[in-house]
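> The sequence and its predicted three-dimensional model are supplied below.
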Amino acid sequence: MPVPALSETIRFDIPAQPLPEAVQAFGAASGLSVLAQSSVLRGHRSAGLHGAYTPRQAIGMLLSGTNLMARFPGGDAVAIYRPAQPAAPGRPAGPRPAPGPYGVDGIDTPQAAIYVGQVQRRVIDALCRNTAARPGAYRMALRFHIAPSGAIAAPRRAGSTGDAARDAVILDILDGLPLDPPPPSLPQPITLLLRPDGAGVPDDCASAIAGGR
């Protein structure tokens, strides 16, 4: 099943809770991957969200009062970032990058958006090649850094798939997974949410296999 279009309404039932957990619930309900630095989300709380909204409306309401913003770098992901702070009174503002549609915590280039999409597809492809780690039957949030060489470093999980052995296999697959070198200013760590198939969430492995033909 395809990910719902950003203009389609989705039923959300997300209680008030810390923002990291709220955006994970948003990702599970919307079928979108949530891209955000843990340091950006940490310390914020989100009001509850109940009702039918488009993903754009829903994430805006979840972020209300946090001073954080969201952009959609692609049709299947949302990036949450902290906007640049204005200069202090009496101090001239420094040069600021031109705004654009691809911002991820200050990055406003299509190259950054393309790179994040490539990372997501590469991780999914690697997991799909191992029957013990194949996505589709579990939900897990993964956080990791990408070294200047392009290898994934220090992968960590937020929560569990419910199977300790599978958790270990997933982290082992990600550790050192080769990627293209990242853009120098890419915000890290990267957070990637793996979701169960169904309820508007596509079969990631079927998509990966089709894309590799």
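On my side now, so go ahead.
> Could you use CA atoms for every contact and neighbour count after this?
Will do.
> For the lengthiest helix in the chain, what does the pLDDT average out to?
If you go by DSSP state H, the chain has its longest helix at helix 110-128. The average pLDDT within helix 110-128 is 82.
> Point out the other helices and strands that it packs with.
Judged by 3 or more C-alpha pairs under 8 Å, 6 or more residues apart in numbering; DSSP states H and E, the packing partners of helix 110-128 are strand 69-74, helix 164-174, helix 204-211.
> Would you single out the least confident of the ones you listed?
When I compare those, helix 204-211 is least confident, with a mean of 57.
> tell me what the helix or strand just after the longest helix of the chain is packed against?
Where DSSP states H and E defines the elements, the next helix or strand beyond helix 110-128 is strand 140-146. The contact analysis (3+ C-alpha pairs under 8 Å, 6+ apart) places strand 140-146 against strand 152-158, strand 190-194.
> Need the contact partners of the host helix or strand of residue 57.
Per DSSP H and E: residue 57 is located in helix 55-62. Residues outside helix 55-62 that contact it (C-alpha atoms under 8 Å, 6 or more residues apart in numbering): 6-10, 19, 22-23, 26, 30, 46-49, 69-70.
> ok, 7 Å please
By C-alpha atoms under 7 Å, 6 or more residues apart in numbering, the residues outside helix 55-62 that reach it are 6, 30, 46-47, 49.
> how distant is that helix from the center of its chain?
Distance of helix 55-62 from its chain centroid, counting by C-alpha atoms, centre = their mean, to the nearest Å, is 15 Å.
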